[in-house]
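> Below are the sequence and a predicted model; questions follow.
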Amino acid sequence: MGAAHLARREHPQQFHLDLTTGDDIAGVEQLVLAAGATVHEHQPSTDGGFKVYLDPVGHPFCLIR
């Protein structure tokens, strides 16, 4: 997937946010899910260093350790 996948979307990605969580991705995840985000089906991190989400209108963003 990656950038080529995003470019094929009906509304291409305008920008991407990477939000640093310290070492508490799980704790911050609860906050973003409560705010309406969803976990993206594509999770490219092999070491758990970041996790990909979609905001309520479908824009991707990441929580990073």
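Yep, that arrived. Everything numeric here is computed off the predicted structure, so don't read it as measured data. Numbers count the residues shown, from 1 in each chain.
> Report the mean per-residue pLDDT for the longest helix seen in the chain.
In the chain, taking DSSP state H as the definition, the longest helix is helix 25-34. What helix 25-34 shows for mean pLDDT is 97.
> what's it in contact with?
For helix 25-34, contacts defined as C-beta atoms under 8 Å, 6 or more residues apart in numbering pick out L19, T21, V39, G48, F50, K51, Y53, L63, I64, R65. Placement of C-beta: from N, CA and C, glycine included.
> Give me the buried positions along that helix.
Buried residues in helix 25-34, counted by 16 or more other C-beta atoms under 10 Å: I25, V28, E29, V32.
> Closest one to F15 out of those residues, please.
V32 (17.0 Å; C-beta to C-beta).
> Skip ahead from the helix-or-strand element of the chain with minimal mean pLDDT and say which helix or strand is next.
Every helix and strand in the chain was compared by mean pLDDT, DSSP states H and E; the lowest is helix 3-7, with a mean of 51. Per DSSP states H and E, the first helix or strand lying C-terminal to helix 3-7 is strand 17-20.
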